[in-house]
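Visitor: Predicted model follows, preceded by the sequence.
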Amino acid sequence: METKIPIAVGFLAAWLSIATFGMSGSASAETYVAGTVGINFADQLTDISGTGDLSGFQASDFDLKNSVSYGAKLGYFPEHSWFGIEGEVLQTTPHIKSLGSDPGIHLSVTTVGVNLLARYPGRTFQPYAGGGVATVIAHLSDSPANEIQSDTSVTGGWNLLAGLRGFVTPSVAVFTEYKYSGATLRFDQAAATGGFEGDYRAQQVLFGLSYHF
């Protein structure tokens, strides 16, 4: 598999540096950890085209299954600021549905992202919105009926999000979040003589619990 180093890695390193030095230099800085779970609404893998020896091949869009999403977040806001930064990991399995008379193909998608956030820093309710970049790791499982072999795509992606956080104690909050994300997945070794690529878009509705330091 071709080695790729998406821009998200650099953002993640910068975020870790900000969080580390910020926590040690400002007692009033806010750091939080959170867990999330929800539904991934992935409609289709679109603009399918061949790669390698299959270049020039075109196929109909692949329908994807809705699936459960789950993950974790680590965020940082300097002091009681309107603006902050958040790292996250999110896992989902939007399997490819049956292709005509052929069975579907197992697909998993892991997103490691860094988002810049803007919020209203209320004491009880905090609406927020943001966007960022991500490393998207997608894996196809073997599917002999479709002549597909196991392959992994590692590529850059993006996130847009909006949510509402409500504090139930000064340190514990619950939140709900809408996220729209995308990437171009490329599986160069999915077939014996080449592979394919396609555009992945997903809408997610997430619920979570966060602890604030």
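Guide: Perfect, I can see it now. This structure is a prediction, so every number in the text was calculated from the model and none was measured.

Visitor: Next up, the contacts around the nearest residue to His106 once chain neighbours are set aside.
Guide: Spatial nearest neighbour of His106, excluding adjacent residues (CB to CB, 6 or more residues apart in numbering): Ser141 at 3.8 Å. (Glycine included, C-beta is placed from N, CA and C.) If you count contacts by CB atoms under 8 Å, 6 or more residues apart in numbering, Ser141 has them with 105-107, 150.

Visitor: and which of those is nearest to Ser81?
Guide: Distance ranking of the contacts of Ser141 against Ser81, using CB to CB, places Leu107 first at 38.5 Å.

Visitor: Pretty sure that closest one sits against His95.
Guide: Yes: in this structure Leu107 lies within contact range of His95 using CB atoms under 8 Å: 5.3 Å.

Visitor: what are the ranges of the helices in the chain?
Guide: In the chain, the segments counted as helices under DSSP state H are 7-25.

Visitor: which regions of it sit below the pLDDT cut-off?
Guide: The model of the chain has pLDDT under 70 over residues 1-27.

Visitor: picking that back up, going by neighbour count, which of the contacts of Ser141 comes out on top?
Guide: Neighbour counts for the contacts of Ser141 were taken using other CB atoms under 10 Å; the highest belongs to Leu107, which has 24 neighbours.

Visitor: so that one bridges to which residues?
Guide: On the basis of DSSP bridges, Leu107 is bridged to Leu140.

Visitor: One more: Gly87?
Guide: On DSSP bridges, the residues paired with Gly87 through beta bridges are Leu74, Val114.

Visitor: with the contacts of Ser141 in mind, which one is nearest to Ile39?
Guide: Each of these was scored against Ile39 by CB to CB, and Leu107 proved nearest at 16.2 Å.

Visitor: Identify the residues contacting that closest one.
Guide: With contact taken as CB under 8 Å, 6+ apart, Leu107 is in contact with 64, 93-96, 138-141.

Visitor: Buried ones from those residues, can you make that a ChimeraX selection?
Guide: One line in ChimeraX is enough to select the buried ones among the contacts of Leu107; burial here means 16 or more other CB atoms under 10 Å:
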select :64,93,94,95,96,138,139,140
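
Visitor: right, and out of the contacts of Leu107, which lies closest to Gln204?
Guide: Taking the contacts of Leu107 together and measuring to Gln204 by CB to CB, the closest member is Pro94, at 10.4 Å.

Visitor: For that closest one, which non-adjacent residue is spatially closest?
Guide: Ala42 (3.7 Å).

Visitor: Give me the neighbour count for the one you found.
Guide: Residue crowding around Ala42 was assessed by other CB under 10 Å; the count is 24.

Visitor: Look up how far Leu107 lies from it.
Guide: 9 Å (CB to CB, to the nearest Å).

Visitor: Please apply the same query to Thr169.
Guide: Thr169 is 39 Å from Leu107, where distance means CB to CB.

Visitor: same thing with Leu54?
Guide: With distances defined as CB to CB, the gap from Leu54 to Leu107 amounts to 19 Å.

Visitor: ditto for Ala118
Guide: Distance of Ala118 to Leu107, computed by CB to CB: 33 Å.
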